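**Student:** Sharing a model prediction with you, sequence too.
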Amino acid sequence: MNLPVVLEIALGMAFIFLVLSLLASKIQEMIGILLQWRAEHLKQSIEVLLSGNDRDTDKAAQALADVLYDSPWIRSLNQEAKGRIARAFRRGAQLIGGIYRFITGGRNVFGAGKTTGPSYIPPAAFASSLVERMRLRGMLEVLADERLISFISEKALLPVHSVLSDLRANTANEFLLNPELQHLETSLQQILQDFKARLVSLPDSLDRLVASLDQFIAMAQHALPVGHPLTTTFLRRLDYIKQGLTSTPAERNAVISRLRPNITSLLEVFDTTSDIYRELSRLADQGNLSAQGLVNHLDKVAITPGLTASLMAIARKVDFTSDNLRTEVEAFGKELEKWYERGMDRASGVYKRNAKAVAVMIGVMTAIAINADSFHIATRLAKDPLLRNTVTQAADQLVANSKDSNTPLNENLTQVKTAVDQALQEIPFPIGYDPLVLEQQQQAERSWPLPLVPRRFLGWLVSGLAISMGSNFWYDLLKKVVDIRNTGKKGD
């Protein structure tokens with residue numbers, strides 16, 4: 001057997017496996033759509049991500065994943081079928097999926113009463129859904145609001161009242177500086193309102209607090225007798241109060257850190273023994289409606305230890321130097337998106353490996369179903385010049401058409417398939433359960449050196465593995481073999 005014949009056999013085998021690979025890939029795609037493999041794998045991967053790969057918390061992770069899937073961010077991604085035909089197809093697919101899970105003993109990963117889910121969830125949608133579920137923004141704002149209220153009251157308003165009460169007692173004038181005090185209280189109340197409305201940041205609110213005290217001191221200086229010992233003592237004590245707020249930049253940063261909880265400390269709220277949980281519970285007991293709602297919500301949130309550890313690690317990476325409360329949560333959300341993307345990259349690798357195993361099974365079943373015995377195909381191509389020439393001409397035409405145009409591979413193959421079917425009407429193609437093909441296989445079986453392993457079974461297995469390589473692999477190989485063959489012709 002000379003080299004041109006070997007190349008023609010290789011070309012014929014590559015062409016046949018290309019056609020069979022396209023058939024098998026369509027079968028696998030249809031099965032995947034009917035059984036929701038991609039959507040199911042996505043949900044299971046998210047559950048693994050939420051559990052921290054801890055099997056002891058699988059149930060809690062599944063419950064949390066179900067809740068996340070009910071959020072508007074993710075629920076809107078799952079488009080329901082519209083129209084009678086589409087709904088009928090969806091119900092048929094759901095029925096097939098239910099039968100499949102009943103036979104395999106698998107659970108419905110989409111939750112009770114649900115049979116479908118999105119096949120892709122953007123990182124931003126997942127991060128927003130998880131942050132919303134944990135209510136981090138709400139907890140941060142409630143705690144920061146109450147801490148600022150307490151700070152202004154304990155560090156500014158109460159000391160000013162105490163100093164002013166002493167002055168009034170010494171002067172026997174209980175209405176002394178009353179307009180100035182009311183103006184200060186109004187200013188402090190406005191600072192709190194603006195902060196609660198997120199019109200200003202926490203550092204700016206502290207600056208406004210100091211400015212209000214400066215304004216109160218200036219008004220007191222104007223209203224009190226100049227040079228009087230009581231005036232001097234009163235103004236000095238007011239200056240001490242102001243210095244106690246933010247005397248240095250370092251002190252100012254320390255105050256901001258105490259007033260504004262960072263994300264790491266917020267995540268500790270899911271531990272009922274933590275200080276921040278007790279602080280939130282105390283606010284709820286004092287009648288803070290927002291705190292009450294958060295505490296009631298925390299009792300219903302199932303955050304697994306593995307997820308808490310992952311979120312803590314993410315929180316430590318976030319730079320919390322921003323002056324804006326919302327920016328901190330947004331920065332944490334961006335890190336959550338990166339964490340989700342890394343998890344989905346790993347899940348994609350697992351899915352590809354699983355899909356490859358399924359492709360092998362479908363390839364073998366396809367080979368058995370159409371009796372695609374690779375040994376018999378190779379033998380017939382080697383012994384039948386007419387068959388070999390017909391198949392190689394079809395392969396040459398396919399490659400030539402793909403080089404001359406930008407037509408997709410599937411469309412090129414459809415054109416070539418018509419020509420091949422017409423050319424092979426009178427030729428016994430070495431595939432199928434035709435009596436002639438079966439007789440030729442039985443004859444070859446007699447000279448097979450491995451009696452314990454039937455030649456046909458091994459041929460089916462080889463064909464199944466070859467089909468599972470995919471149409472892209474065989475198409476690229478087909479082009480390379482054609483190029484080598486044409487190069488040999490030019491050299492001759």
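**Tutor:** Good, I have the coordinates. Numbering: from 1, shown residues only.
**Student:** what's the neighbour count on Leu465?
**Tutor:** Per other C-beta atoms under 10 Å, the neighbour tally for Leu465 reads 15. In short, each C-beta sits where N, CA and C put it, glycine included.
**Student:** Would you agree it is in contact with Ile362?
**Tutor:** No - Leu465 is beyond contact range of Ile362, at 11.6 Å (criterion: C-beta atoms under 8 Å).
**Student:** I'd like to know which helix or strand in this protein has the lowest mean pLDDT.
**Tutor:** None of the helices or strands of the chain scores lower by mean pLDDT, DSSP states H and E than helix 409-423, at a mean of 54.
**Student:** got the buried residues for the following helix or strand past that one?
**Tutor:** Once the chain leaves helix 409-423, the next helix or strand it forms, by DSSP states H and E, is helix 435-446. Neighbour-count burial for helix 435-446 flags 437, 440-441, 444 (criterion: 16 or more other C-beta atoms under 10 Å).
**Student:** Helix 435-446 packs against which elements?
**Tutor:** The elements that helix 435-446 packs onto, with contact taken as 3 or more C-beta pairs under 8 Å, 6 or more residues apart in numbering; DSSP states H and E, are helix 374-383, helix 455-468.
**Student:** Mean confidence (pLDDT) on that helix, please.
**Tutor:** For helix 435-446, mean pLDDT rounds to 86.
**Student:** can you check stretch 365-378 too?
**Tutor:** 92.
**Student:** Show me what counts as buried in that stretch.
**Tutor:** Result for stretch 365-378 [16+ other C-beta under 10 Å]: buried residues 366-368, 371-378.
**Student:** Give me the neighbour count for Pro72.
**Tutor:** With other C-beta under 10 Å as criterion, Pro72 counts 11.
**Student:** Next up, the contacts around it.
**Tutor:** By C-beta atoms under 8 Å, 6 or more residues apart in numbering, no residues touch Pro72.
**Student:** Retrieve the pLDDT associated with it.
**Tutor:** The per-residue pLDDT reported for Pro72 equals 88.
**Student:** now it: how far from Thr232?
**Tutor:** 63 Å (C-beta to C-beta, to the nearest Å).
**Student:** can you tell me the helix or strand for Ile368?
**Tutor:** For Ile368, the host element (DSSP H and E) is helix 325-369.
**Student:** what do you get for Gly111?
**Tutor:** Under DSSP H and E, no helix or strand contains Gly111.
**Student:** what's the neighbour count on the nearest residue to it once chain neighbours are set aside?
**Tutor:** Distances taken as C-beta to C-beta, 6 or more residues apart in numbering put Asp66 closest to Gly111, at 4.5 Å, once the chain neighbours are dropped. Counted by other C-beta under 10 Å, the residues lying close to Asp66 total 17.
**Student:** Check Asp66 and give its pLDDT.
**Tutor:** On pLDDT, Asp66 comes in at 88.
**Student:** host element of it?
**Tutor:** Going by DSSP H and E, Asp66 is in helix 58-69.
**Student:** how far out from the middle of the chain is the helix or strand that comes right after that helix?
**Tutor:** Sequence order places helix 72-75 as the next helix or strand after helix 58-69, per DSSP H and E. Remark: helix 72-75 is offset 13 Å from the chain centroid, using C-alpha atoms, centre = their mean, to the nearest Å.
**Student:** And for stretch 146-153?
**Tutor:** Computed by C-alpha atoms, centre = their mean, the chain-centroid distance of stretch 146-153 equals 39 Å.
**Student:** So Ala14 sits against Ile484, correct?
**Tutor:** No - using C-beta under 8 Å, Ala14 is not in contact with Ile484, being 11.6 Å away.
**Student:** higher neighbour count, those two?
**Tutor:** Between Ala14 and Ile484, counted using other C-beta under 10 Å, the more crowded position is Ala14 (23 against 13).
**Student:** how close does that one get to Pro72?
**Tutor:** 50 Å.
**Student:** Same check on Glu146?
**Tutor:** Here Glu146 is placed at a distance of 29 Å from Pro72 (C-beta to C-beta).
**Student:** Next: Asp299.
**Tutor:** Distance from Asp299 to Pro72, by C-beta to C-beta: 23 Å.
**Student:** which residues sit in contact with Gly293?
**Tutor:** Gly293 sits next to Gly138 when contact means C-beta under 8 Å, 6+ apart.
**Student:** Which of the three states applies to it?
**Tutor:** The three-state assignment at Gly293 reads helix, by DSSP: H, G, I helix; E, B strand; the rest coil.
**Student:** how near is it to Ala284?
**Tutor:** Distance from Gly293 to Ala284, by C-beta to C-beta: 8 Å.
**Student:** Report the contact partners of the closest residue in space to Ile368 that isn't next to it in sequence.
**Tutor:** Nearest residue to Ile368, sequence neighbours excluded (C-beta to C-beta, 6+ apart): Trp460, at 5.2 Å. Trp460 is in contact with 364, 367-368, 371-374, counting by C-beta under 8 Å, 6+ apart.
**Student:** wait, which of the residues you listed is closest to Gln193?
**Tutor:** Ranked by distance to Gln193 (C-beta to C-beta), the contacts of Trp460 are led by Val364 at 72.0 Å.
**Student:** Val482: how many residues sit nearby?
**Tutor:** 21.
**Student:** ugh, typo on my part, it should be Leu213
**Tutor:** Leu213 has 20 neighbours, counted by other C-beta under 10 Å.
**Student:** Tell me if I'm right that it and Gly244 touch.
**Tutor:** No - when contacts are counted by C-beta under 8 Å, Leu213 is not listed as touching Gly244 (10.4 Å).
**Student:** Okay, domains of this protein per the record?
**Tutor:** 3-25+355-491, 31-132+336-351, 137-304+312-327 (automatic domain parsing).
**Student:** Ends of the shortest one, what's the gap?
**Tutor:** Looking back up the chat, that one is domain 31-132+336-351. 15 Å (C-alpha to C-alpha, to the nearest Å).
**Student:** so how far is that domain from its chain's centroid?
**Tutor:** Relative to its chain's centre, domain 31-132+336-351 lies at 11 Å (C-alpha atoms, centre = their mean).
**Student:** Pop out the phi and psi values for the spatially closest residue to Thr231 that is not a sequence neighbour.
**Tutor:** Spatial nearest neighbour of Thr231, chain neighbours left out: Leu224 (4.2 Å); criterion: C-beta to C-beta, 6+ apart. Note on Leu224: backbone dihedrals following degrees, to the nearest 10 are phi -90, psi 160.
**Student:** swap in Ser119?
**Tutor:** When quoted as degrees, to the nearest 10, the phi and psi of Ser119 stand at phi -90, psi -10.
**Student:** For burial, what's the neighbour tally of it?
**Tutor:** 16.
**Student:** next one: the one 10 residues further on
**Tutor:** The number of residues packed around Ser129, counting by other C-beta under 10 Å, is 21.
**Student:** For Leu77, see how far away it is.
**Tutor:** Distance of Ser129 to Leu77, computed by C-beta to C-beta: 10 Å.
**Student:** go on, Thr233?
**Tutor:** Distance, Thr233 to Leu77, using C-beta to C-beta: 68 Å.
**Student:** again with Ala315
**Tutor:** Distance of Ala315 to Leu77, computed by C-beta to C-beta: 27 Å.
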